[in-house]
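> Build me a structure from this.
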Amino acid sequence: MKILQINKFLYPRGGSETYMFELSSALKERGHEIDFWGMEDQKNIVKDKYNSFVKNIEFSTLGLFGKFFNAFSTIYSVEAKKKICIVLDTFKPDIVHIHNFNFQLTPSIFPEIKKRGIKIVYTAHDSQLVCPYHRLYNFQRDETCTKCVDAKFSNCIKDKCFDGSLIKSSVGAIESYLYHGLDYYNKYIDEIISPSKFLAEKLNHLYKKEIHIIPNFVELNLSFSDKKEDFLLYFGRVSTEKGIIDILPFFEKNEIVLKIIGNGPEVDNIIESEYIEYLGPKYGNDLFEYIQRAKFVIQPSKGYENCPMTIIESFACATPVIGTKHSGFLELIEDGKNGFLIDFKSDIFGVNLLKSIKNYDESFSKASNESYFNYYTQEVHIPKIINIYKKVLNESI
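Alright, predicted model coming up:
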């Protein structure tokens, strides 16, 4: 099969990009022909073979005038619609597998794909089909939010979900109203994949077809090690909704060592001490070495999560996870077996967290590694994806 992978960012920026490149590599190994399309960027790890990539628009770096000038293009991109035709007519894919597309690429590309008889498979890495802000989180109130999932997108405007901005929030709501009003997602997407039941249930409020639930995977060739050291590890984005800053006093009070790896807007609020060490961002084997050595990885996210790659990577490293008792965490962590689930909003979260840490033994590491090999490897994941490809092409499975 010839498969075009579409994502606005074409470098390892986050979990969705990591997944897309891992998936593409695995598909190539099985003899499928893969190409990519998205935005121009010096950090891209794939070539723009057809001179078809879209101009880079990174909205977080634009000033007020730039954001206003580009507001319309976040809803409907004439450039993206024109340029995708180049790669479609040159590469001639059997299937287009779309990942993250909103704001920079926009759903304006969908009709151009379908008019050529090409099938569309979409992996929902976030809640963009039911939440204009894509996060099911309101930073102004510092709480989760599902007000828009029944197409009540005016809530995005009322709550000023986009950085407290009425203009940006209005643009986001208009985009959602437009494409749901035109029924774009039901009309043009042939199959949707959700990495979690949690997100699938939210998407099914507005997407009426079957949603395939296939958890993410990682491919790590690591040897099992039960040599754990006496520290906990947080790795990932250091931001408000991830909750790590909120629980730092627990580690000081209980004299438990926490190492933090990552970057983000809340890094300056990490106060290092005898028990809290900030190591900055790390990648690849440098990161996995710390994960393997940790007694537990901790993920105290206040925001809803889909299928966190951090948990799957931890399990691959034979490290159990202490995670928040909601959303996608409930589907990955078996409480008391490969980790623990804790309500970090509870007044007694510290008591439960301390109890969980003290209950560690070698069986947790073995169980977490077993979870990885049973559910989250390439060998488990890729056949399910290929079956979906064959389904949309009406090929025998």
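> Could you identify the helix or strand that succeeds the helix or strand of the chain with the lowest mean pLDDT?
Within the chain, no helix or strand scores below helix 64-69, which has a mean of 52 by mean pLDDT, DSSP states H and E. Per DSSP states H and E, the first helix or strand lying C-terminal to helix 64-69 is helix 78-91.
> What is the helix or strand just after that next one packed up against?
From helix 78-91 onward toward the C-terminus, using DSSP H and E, the following helix or strand is strand 95-98. Counting contacts by 3 or more CB pairs under 8 Å, 6 or more residues apart in numbering; DSSP states H and E, strand 95-98 packs against strand 2-6, strand 119-123. C-beta: built from backbone N, CA, C; applies to glycine.
> mind giving me TSV with the ones you listed and columns for distance to residue 373?
Formatted as TSV, the helices and strands packed on strand 95-98 follow (distance: least, CB to CB, whole Å):
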stretch	distance to residue 373
strand 2-6	26
strand 119-123	23
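> got those as a markdown table, with mean pLDDT, distance to residue 75 and mean neighbour count columns?
Converted to a markdown table, the helices and strands packed on strand 95-98 look like this (pLDDT from 0 to 100; distance: least, CB to CB, whole Å; neighbours: other CB atoms under 10 Å):
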| stretch | mean pLDDT | distance to residue 75 | mean neighbour count |
| --- | --- | --- | --- |
| strand 2-6 | 98 | 18 | 21 |
| strand 119-123 | 98 | 19 | 22 |
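> give me the number of residues near the residue nearest to residue 11 when sequence neighbours are not counted?
Closest residue to residue 11 apart from its sequence neighbours, by CB to CB, 6 or more residues apart in numbering: residue 43 at 4.1 Å. Neighbour count of residue 43, defined by other CB atoms under 10 Å: 10.
> Let's see the pLDDT reported for residue 43.
On pLDDT, residue 43 comes in at 95.
> how near is it to residue 100?
Residue 43 is 16 Å from residue 100, where distance means CB to CB, to the nearest Å.
> mind listing the strands for this protein?
Using DSSP state E, the strands found in the chain span residues 2-6, 33-37, 95-98, 119-123, 137-138, 143-144, 191-194, 211-213, 232-235, 258-261, 276-280, 296-299, 321-324, 339-342.
> Can I get the ones you listed in a markdown table including distance to residue 20?
Shown next, in a markdown table, are the strands of the chain (distance: least, CB to CB, whole Å):
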| stretch | distance to residue 20 |
| --- | --- |
| strand 2-6 | 6 |
| strand 33-37 | 8 |
| strand 95-98 | 8 |
| strand 119-123 | 8 |
| strand 137-138 | 23 |
| strand 143-144 | 26 |
| strand 191-194 | 12 |
| strand 211-213 | 17 |
| strand 232-235 | 20 |
| strand 258-261 | 23 |
| strand 276-280 | 25 |
| strand 296-299 | 22 |
| strand 321-324 | 23 |
| strand 339-342 | 27 |
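> which one of the ones you listed lies closest to residue 248?
Residue 248 lies closest to strand 276-280 among those, at 6.0 Å (CB to CB).
> Quick check: which helices or strands does that closest one pack against?
helix 248-254, strand 258-261.
> that older thread, wait, which of the helices and strands packed on strand 95-98 is closest to residue 371?
strand 119-123 (21.4 Å).
> Could you single out the most deeply buried of the helices and strands packed on strand 276-280?
strand 258-261 (a mean of 20; mean count of other CB atoms under 10 Å).
> now it: mean pLDDT?
When pLDDT is averaged over strand 258-261, the result is 98.
> same deal with stretch 171-182?
95.
> what comes into contact with it?
71, 74-76, 102, 106-107, 132-133, 148, 151, 153-154, 156-157, 161-162, 185, 206 (CB atoms under 8 Å, 6 or more residues apart in numbering).
> Could you tell me which of these count as buried?
Listed as buried from the contacts of stretch 171-182 are 71, 74-75, 102, 106-107, 132-133, 148, 153-154, 156-157, 161-162, 185, 206; burial here means 16 or more other CB atoms under 10 Å.
> Filter those down to the ones in helices?
Among the buried ones among the contacts of stretch 171-182, the ones falling in helices (DSSP state H) are 154, 156-157, 185.
> Great, nothing more from me.
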